[in-house]
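In: Quick check, what structure comes out for this input:
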Amino acid sequence: MSSLPTPEELRRMRIRAGLTQKEVAERAKVSQSLIARIESGSVDPRLSTLRKVMKVLEEALRGREEESVRVAMNTPVIMLSEEDDVRTAAKIMWEKGISQIPVVDSNGRVVGTVHENSLMKLLVFERGPRILGLKVSEVMEDPLPILDESASLTKAMRLLLEGFPAVLVKKGSKIVGIVTKSDIIALHILRRASKPSEVSS
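Out: Numbering: from 1, shown residues only. Below is the predicted model of the structure:
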């Protein structure tokens, strides 16, 4: 019995799965009040009931993991050419409110990334305003990771949690989207807002 999840672990699983207590109750064929009491720790459910609830949560989590990165990506992707100057990159970042821009070569292949933090460091602390006239190829850093559009959303989230500021999404050889931490957060906020509120969520 020591391997059974705690009430708090069950609650966290439900929230990660994007389900309300009502939805879990309906799928497990139990009452919503029972789910609420299980999560609060005020009732010790039968093992058979707990197994039904666990099965519902595990299936929902598997479905979420298999969800495509497409659901969170922004499109089209703003890009820079290697020949563009830093002034152009800075202007685009300011106007569009973005923190990084992929750089492509003459064949449309992603070859680097211009980061807002790096530009600020170069401009303010190192080389001064003269960097604005440089080509982005002279200040760009490594390319962002690229996932196929069929890749799971979970895979993109793992890359973001590893420290990458964004993940590019491709269809064939063409970049069709970009995903940032803000996009993941916004997706979850919108989904929670579309669900009925609960007292014990």
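In: ok, residue 144 - contacts?
Out: By C-beta atoms under 8 Å, 6 or more residues apart in numbering, the residues touching residue 144 are 100, 102, 110, 113, 164-168, 178. To be clear about C-beta, it is placed using only N, CA and C from the backbone, and glycine gets the same treatment.
In: Oh, that last question was meant for residue 170, not what I typed.
Out: 146-149, 176.
In: any idea which of the contacts of residue 144 has the most stuff around it?
Out: residue 167 (26 neighbours; other C-beta atoms under 10 Å).
In: And it, which helix or strand is it part of?
Out: If you go by DSSP states H and E, residue 167 is part of strand 166-171.
In: and that strand, how far from the chain's centre?
Out: 12 Å (C-alpha atoms, centre = their mean, to the nearest Å).
In: how distant is the helix or strand following it from the center of its chain?
Out: Next in sequence after strand 166-171, counting helices and strands by DSSP H and E, comes strand 174-180. How far strand 174-180 lies from its chain's middle: 12 Å, per C-alpha atoms, centre = their mean.
In: Next, the buried residues of strand 174-180.
Out: 175, 177-180 (16 or more other C-beta atoms under 10 Å).
In: angle of that strand against strand 166-171?
Out: Interaxial angle, strand 174-180 versus strand 166-171 (axes from the mean of the first three to the mean of the last three C-alpha atoms, to 10 degrees): 150 degrees.
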